[in-house]
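Engineer: A predicted structure for the sequence below; I have some questions about it.
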Amino acid sequence: GDSVTQTEGLVTLTEGLPVMLNCTYQTIYSNPFLFWYVQHLNESPRLLLKSFTDNKRTEHQGFHATLHKSSSSFHLQKSSAQLSDSALYYCALSGNNYAQGLTFGLGTRVSVFP
Amino acid sequence: AQTIHQWPVAEIKAVGSPLSLGCTIKGKSSPNLYWYWQATGGTLQQLFYSITVGQVESVVQLNLSASRPKDDQFILSTEKLLLSHSGFYLCAWSLEQSYEQYFGPGTRLTVL
């Protein structure tokens, strides 16, 4: 079945430094949809980025990611982390059957310090 | 605009007691609906999905069941709660033939 692998555990960094969260996936589908969700403390996950186009950069709220089908990757990046970026980040995958829902990675917790 | 509500907001229940959690979406007809479970500090595990009234597919049951009695309503239930049922239950929706999902505010369940 489908699977998603993310940077494990906790990422801590200083405000203003760049952040990169790794996401790789496995699926039999040739045209998967990839997503990044962000979940702040005591909130529900919120869609941050999405892509299904190979080698095309997608951006939102200062974050960006590029889907690379050749390496099955969809890494999340931001050039300058802010305190408000402290949250849990999930990479998710959808195969060809939209109805079946998403496969999520284990999540990466990001803590940004001043 | 679409709005999604979940009830109750939080629940504390005893082991062995029954449970019913609800989800309602307004502003969109015939959405795809999903139930997810998130253990404290854990990942999101999809439990059930439904693309139409009366039809529910199970992904992982965890001794839970789901029903879709109305187009805009999705119910998660069990007759006997286990300690392992504690966690954060999230309802999500997507448009027909769309891949992205949007989550409701969630219900936090504590089983003692």
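Structural biologist: Now that the structure is in, tell me what you want to look at.

Engineer: Residue numbers of chain B in contact with chain A?
Structural biologist: B:32, B:34, B:42-46, B:49, B:51, B:57, B:59, B:90, B:92, B:94, B:97-106 (Cβ under 8 Å from any Cβ of the partner chain). Placement of C-beta: from N, CA and C, glycine included.

Engineer: Show me which residues of chain A sit near chain B.
Structural biologist: A:33, A:35, A:43-47, A:50, A:52, A:90, A:94, A:98-107.

Engineer: circling back to that earlier point, what subset of the residues of chain B next to chain A is buried?
Structural biologist: Listed as buried from those are B:32, B:34, B:43-46, B:49, B:51, B:59, B:90, B:92, B:94, B:99-106; burial here means 16 or more other Cβ atoms under 10 Å in any protein chain shown.

Engineer: Mark which of those are part of strands, please.
Structural biologist: Cross-referencing these against strands under DSSP state E gives B:32, B:34, B:44-46, B:49, B:51, B:90, B:92, B:94, B:102-103.

Engineer: Run a quick neighbour tally on residue 64.
Structural biologist: Chain wasn't specified; assuming chain A. Counted with other Cβ atoms under 10 Å in any protein chain shown, the neighbours of A:H64 add up to 16.

Engineer: ah, I was thinking of chain B
Structural biologist: There are 21 residues near B:L64, going by other Cβ under 10 Å.

Engineer: Any figure for the gap between it and chain A?
Structural biologist: According to Cβ to the nearest Cβ, to the nearest Å, B:L64 stands 16 Å off from chain A.

Engineer: B:Q55 is in contact with B:R68, isn't it?
Structural biologist: Yes - B:Q55 is in contact with B:R68 according to Cβ atoms under 8 Å; the separation is 6.9 Å.

Engineer: okay, these two: which has more neighbours?
Structural biologist: Taking neighbours as other Cβ under 10 Å, B:Q55 and B:R68 compare with B:R68 leading, 20 against 10.

Engineer: Can you report phi and psi for the more buried one?
Structural biologist: phi -130, psi 90 (degrees, to the nearest 10).

Engineer: which residue packs closest to it, ignoring adjacent ones?
Structural biologist: The shortest distance from B:R68 to any non-neighbouring residue, by Cβ to Cβ, 6 or more residues apart in numbering or on different chains, is to B:S50 (4.4 Å).

Engineer: ok, that neighbour - contacts?
Structural biologist: B:32-34, B:56-57, B:66, B:68, B:74 (Cβ atoms under 8 Å, 6 or more residues apart in numbering or on different chains).
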